[in-house]
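Student: curious how this folds, go ahead:
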Amino acid sequence: MSSQPSITHNPGSGLKTGSDGNSRTLNTYPHPYFDLSNQDVPRTVKELFRWCLFLYMSHSEIAPLINKKCSYVTTELVYNTESVKDKKAWQEVLEETLDIRAFERMMLLDYEVFGNAFCSISYPFDRRLICPQKACDQGHRMSDPELKWHYREHKFKGICPSCNTKVTFRVEDTQVKRRKAIRLIRWFPEYIQILKNEITGYTRYIYKVPRWIRKGVVNSENDQNKYLVEDMPMVFLDAIREGKDVELDADNIYHMRTEGCSYYDSSYGIPPLLTVFKDAWLYQTYRRAQEAIAVEHILPLRLLIPRPVGGDHSPHMHNDLGSWASRMQGIVSKWRRDPNAIFTVPFPSDVQNVGGDAQALNVHNDMRQVREQIAGGLDLPADLIYGNMSWSGSSVTLRMLENTFINVIGKLERFLNKFIIERLTSWGDLPEIEITHRNFKMADDAQQKQIALSLRQTNTVSDRTVIKELGFDYATEQKYKREEEEERNEVMGRQMLAQAESQGRAQVLSAKFEAMANAAREQAAEKEQKDQQIQSYDDLTSRKGRTDIAQVVNSVATPSPGELGGSKLQFSSSMLDMMADNAMKSTPPEMMDDMMQRLGKSNPQLAAAIVKRQKSGAMATAAAKPLPEQKPPRSPGAGI
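Tutor: All right, here's what the predicted structure looks like:
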């Protein structure tokens, strides 16, 4: 077998010559997979991280794609518990204190840019500076306004408020359980050194304190380092003092990394941006070309050229072209000030354009193609950045995108439940709970939602399943329904009370006016009856005559058919008194008994009135004193 031809370089000739004798130019690549971008491939992982950060912060196509990819999957949290108290406690910690959705998005940014995301929980502690004097030995909180301290030469120095002595304090940190003071720390991957044993799988995480933090802690000028050292754990201050790195607690660090094939060093995840490095370089090359085209070819250069007049008669043979050029420049200047001006020239002139062919040279189509390659390298459709996607036109593409996003949501839920919730449950005495993210669904998947609603109408699936399919929380919706039902019942109760009160008032007013109407009718009937009685009595007395009053009384006592009177006729008390008085005055004493017997049968009212009248007259007679029959005796000396 013949060996492959070796490549040698001859500096003198400027050519690359192979062993087969063929000459190759300097543009000949040493390997079929080698291109110009291979000359700037990062040599280390940390250098790779710096290039990834540069592309994310400067590339107009990569940054929007990654931002949309990270924002689209951070859905709302679903608390799988029926206890309102437990849900409220976790909402205060995760949503109000930690702002977990924003932090998850930042974790995804590191995951998509660097391929690695590191997180730790910073538990709160109280720091006390203790006076080293044996006679004092008093501790003071750093927030105490009476305590004057500074951090110099890697020591806390100041004046003790108790003994008023200038001392070097002893530091004592005590962990406290203040839920609102807990924080989540996101580590920059470039500062994390991973030491992994490929045989046992044991991993250690070393934090290399950056230079700017070391410089800020050491700088004691005007006490500008207070904001760094007052709440920095002592392990970091000691590491800075000794010039060492810090090994992070393996139980308090979470490493989210991208999956990849096995390779030489699998401690770090492979950044997804690595697959688009060559495309990003090519896209930048096109942008430089487009910039050069815009600068040199977008505006044409116009030249004024004198045109020969007939045959070979050239204008420059008999004319001064310098004067002609000056005149033409003056004409152009005047024309720009006054476009309607009219000018004369000694002979015709031609205009020739140089450049102005940017449209023919532009590379927009090539840039569009590279842009699609970059989006494909990031597992995203190119239309995602411009919002041209639709469910009907790209169902397969969107389904694949959905599966990709669901995988990312699974990573977030593992980070949330297996790291944050497990540690905060034991640290903060919080109830055990399982928290998930709202299922990721395409917003325009109307067909799937319509199918779920149709199945619910046939009672095939439950309300919980349909509500979950539509992207809502069942427990939250049930709570809202109960609150709305209570509000509706309260409103209906108020309406019914108001209606009953109005009806009661109407009935009271109706009864009042009805009673007034009945009283008015009774008064009118009584007045009419009284007038009728008076008229009847007047008619009787006028017809019979007062001389024959006994006959009148008899006629009243025994009325004839068709006449008024008898027991059916009701007289008022005044009328009865008048009739009784007239009857007693006009009736002889010997006829009184006979008349009273007839009246007792026919008109008991009149008979009772006459008896009452007789009794009152007898009592008046008995009460009256008789006149004296003799004159009273007089004294002998009295006058007349």
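
Student: wait, is Ile270 part of a helix?
Tutor: No. Under the criterion used here (DSSP: H, G, I helix; E, B strand; the rest coil), Ile270 is coil, not part of a helix.

Student: ignoring the adjacent residues along the chain, who's closest to it?
Tutor: Using C-beta to C-beta, 6 or more residues apart in numbering and skipping the chain neighbours, the partner closest in space to Ile270 is Gly260 (4.4 Å). The C-beta positions use only the backbone N, C-alpha and C, and glycine is treated the same way.

Student: and for the one you found, the neighbour number?
Tutor: Residue neighbour count, defined by other C-beta atoms under 10 Å, stands at 14 for Gly260.

Student: same question, the one 5 residues further on
Tutor: Residues within reach of Asp265, counting by other C-beta under 10 Å, total 9.

Student: check it and give its pLDDT.
Tutor: On pLDDT, Asp265 comes in at 75.

Student: what secondary structure does the residue nearest to Ile270 sit in?
Tutor: coil.

Student: again with Phe343
Tutor: coil.

Student: might you list the low-confidence residue ranges for the protein?
Tutor: 1-39, 222, 310-313, 384-399, 440-448, 471, 533-534, 536-572, 586, 617-640 (pLDDT under 70).

Student: could you redo the last one with a cut-off of 50?
Tutor: Scanning the chain for pLDDT under 50 picks out 1-24, 392-393, 544-550, 552, 555-568, 638-640.

Student: center of it, which residue is that?
Tutor: Centroid check for the chain by C-alpha atoms, centre = their mean gives Glu76 as the closest residue, at 11.8 Å.

Student: isn't that residue right next to Asn439, touching?
Tutor: No. Assessed by C-beta atoms under 8 Å, Glu76 is found out of contact with Asn439, at 10.4 Å.

Student: what segments of the stretch 151-300 of the chain are helices?
Tutor: 211-218, 226-229, 234-242, 277-297 (DSSP state H, counting those that start in this stretch).

Student: any chance of those in JSON lines, plus mean neighbour count and distance to Val363?
Tutor: Putting those into JSON lines (neighbours: other C-beta atoms under 10 Å; distance: least, C-beta to C-beta, whole Å) gives the following:
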{"stretch": "helix 211-218", "mean neighbour count": "13", "distance to Val363": "41"}
{"stretch": "helix 226-229", "mean neighbour count": "16", "distance to Val363": "50"}
{"stretch": "helix 234-242", "mean neighbour count": "15", "distance to Val363": "51"}
{"stretch": "helix 277-297", "mean neighbour count": "16", "distance to Val363": "5"}
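
Student: any chance of those helices in TSV, with distance to Val171 too?
Tutor: Listed next are the helices of the stretch 151-300 of the chain as TSV, based on distance: least, C-beta to C-beta, whole Å:
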stretch	distance to Val171
helix 211-218	14
helix 226-229	10
helix 234-242	6
helix 277-297	47
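
Student: relative to Ser602, which of those helices is closest?
Tutor: Set against Ser602 and scored by C-beta to C-beta, the helices of the stretch 151-300 of the chain come closest in helix 226-229, at 123.2 Å.

Student: so what's the residue nearest to the centre of the chain up against?
Tutor: With contact taken as C-beta atoms under 8 Å, 6 or more residues apart in numbering, Glu76 is in contact with 101, 437-438.

Student: quick revisit: so which of the helices of the stretch 151-300 of the chain gets nearest Ala498?
Tutor: helix 226-229 (62.7 Å).

Student: just the contacts of Glu76: which are in helices?
Tutor: Arg101 (DSSP state H).

Student: in PyMOL, how would I select just the buried ones from the contacts of Glu76?
Tutor: In PyMOL syntax, the buried subset of those is picked out as below (16 or more other C-beta atoms under 10 Å):
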select buried, resi 101+437
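
Student: what about the strands in the stretch 101-250 of the chain?
Tutor: Taking DSSP state E, counting those that start in this stretch to define them, one finds strands in the stretch 101-250 of the chain at 116-122, 125-130, 139-141, 148-152, 155-159, 166-168, 170-175, 183-187, 192-196, 203-207, 246-247.

Student: understood, closing this out.
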